[in-house]
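In: quick one, structure for this:
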Amino acid sequence: ASFGRWVRLAGRDAWLKGGPLRGRARARHALREHVLREAPARLREARNLLWLAAHDAPTVARLGVAVLRRAGLVRFQCLATAWLEGALPLDAWWPGADSARRQDVVTHLARDVASLHARGFVHRDLFFRNLLVPPGDAPRAHLIDAWRGGPDHRWRGADYDLACLMVDAGGAWSAADQQHFFAAYLEERRLHAPDVDPGALLERARREHARLARRLARAGRAAPGRWDPPPLHLPRPGPRARS
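Out: Residues are numbered from 1 along each chain as shown. Below you'll find the predicted structure:
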C-alpha cells in the first residue's frame, strides 16, 4: 500500500512517502514517461525540490529518492525529505494564529509565489495542505508535494496556481487578507515583469477557479463557493530592497 510516515534516516528525522504503481496508475505513469517524456512523480518531485532550494524558495530538503523498474515500467517509487519539526499545514495553522503572524505569512507567501511564477515555476497543486508553516515569529509557508509542476511547466500557468490557492483562501481569508496577498503578489511580479496585466491575470485565475469548483463537485468533494478577486487599488510600485 502507499504510505507516508515519519522515519529516522541517516541519523535525522525525515518524512518518507511512496508506494507501488498498479493497474491504471502504472499505465498512466508509463504514458507520461514514455510519450510525454516526464520523469516518474517522486523523481520529478525530488528535482523540483532541488530547484526550489537553489532559488531560495522555502521548501523541504530532499534526502533521497528511489525508483524501482521492471520490464521498463515503474513498479515502486519513494521520496524522503527533511522533517519540519512543529510545522502545520496552512489550513491547520491559520485558525490559531494572531492577525500579525497571519499578515506576515500572507506577505511572504505572496512574494515567494510571485517570484517563482516570474521564473517560470508552477506548483500546480497550491492548496493549503501543501503549504507547511513552521513555528516562529515570522514564518514562511514551505512548499511541499511539488511533483505535478516545475520550472517552465508546459500545461498550466500562474493563473492556475492562484486559482488553487483561492479554493482554500477564498473561504478562510477575509477580503482584506486577499487584497493584501494580491497587492504583495503583483508588486513582486512587477519587479520581474513590469508589463504584467493584473486585470487579465486575475480574470484568468477566476475562470480557472470556477473550473476547479466544478471538478471538485463532480468528484463528490466539498466544492468552494464562488470567488471573485477583490478590487485592487494599488499605488504605482517603487523600488523595494530585496531581502
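In: need the contact list for V122.
Out: L116, G149, G150, H153, R156, G157, A158, Y160, D161 (Cβ atoms under 8 Å, 6 or more residues apart in numbering). Placement of C-beta: from N, CA and C, glycine included.
In: so how many other residues sit close to the fifth one?
Out: Think R156. Residues near R156, counting by other Cβ atoms under 10 Å, number 17.
In: tell me if I'm right that it and R124 touch.
Out: Yes: with contact defined as Cβ atoms under 8 Å, R156 counts as touching R124 (5.2 Å).
In: what sits in contact with each of the two?
Out: Common neighbours of R156 and R124 (Cβ under 8 Å, 6+ apart) are G149.
In: nearest to A210, of the contacts of V122?
Out: Y160 (12.2 Å; Cβ to Cβ).
In: roughly how far does the closest one sit from R218?
Out: Per Cβ to Cβ, to the nearest Å, Y160 is found 18 Å from R218.
In: quick one, which of those two is more surrounded?
Out: Each of Y160 and R218 has its neighbours counted (other Cβ under 10 Å); Y160 has more, 23 against 9.
In: which residue sits closest to that one, ignoring its sequence neighbours?
Out: E208 (5.1 Å; Cβ to Cβ, 6 or more residues apart in numbering).
In: residue contacts, that neighbour?
Out: D159, Y160, L162, A163.
In: residues near L201, how many?
Out: 20.
In: when you give positions from now on, start the count at 186
Out: New numbering, starting at 186: the last item is L386.
In: residue farthest from the centroid of the protein?
Out: A256 (33.3 Å; Cα atoms, centre = their mean).
In: check what pLDDT that one gets.
Out: With respect to pLDDT, A256 has a value of 86.
In: dump the residue contacts of it.
Out: Not one residue lies near A256 by Cβ under 8 Å, 6+ apart.
In: ok, now how distant is it from L228?
Out: Remark: distance between A256 and L228 (Cβ to Cβ) = 18 Å.
In: find the nearest non-adjacent residue to L258, please.
Out: Per Cβ to Cβ, 6+ apart, closest to L258 is A215, 5.4 Å.
In: quick revisit: could the contacts of E393 go into a markdown table alongside pLDDT, distance to E388 and secondary structure?
Out: Formatted as a markdown table, the contacts of E393 follow (pLDDT from 0 to 100; distance: Cβ to Cβ, whole Å; DSSP: H, G, I helix; E, B strand; the rest coil):
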| residue | pLDDT | distance to E388 | secondary structure |
| --- | --- | --- | --- |
| D344 | 96 | 9 | helix |
| Y345 | 97 | 13 | helix |
| L347 | 97 | 11 | helix |
| A348 | 96 | 11 | helix |
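In: A helix includes the residue nearest to L258, no?
Out: Yes: applying DSSP: H, G, I helix; E, B strand; the rest coil, one finds A215 inside a helix.
In: neighbours around A357, how many?
Out: 14.
In: quick check: closest non-adjacent residue to it.
Out: In space, and not counting its chain neighbours, A357 is closest to W279: 5.7 Å by Cβ to Cβ, 6+ apart.
In: swap in V252?
Out: Nearest-residue entry for V252: Q262, 4.7 Å, with adjacent residues in sequence omitted and distances by Cβ to Cβ, 6+ apart.
In: and that neighbour, how many neighbours does it have?
Out: 23.
In: shaky segments in the chain?
Out: 408, 417-428 (pLDDT under 70).
In: quick one, phi psi at the spatially most central residue of it?
Out: In the chain, the residue lying closest to the centroid (Cα atoms, centre = their mean) is L311, at 3.4 Å. With angles defined as degrees, to the nearest 10, L311 shows backbone torsions of phi -90, psi 60.
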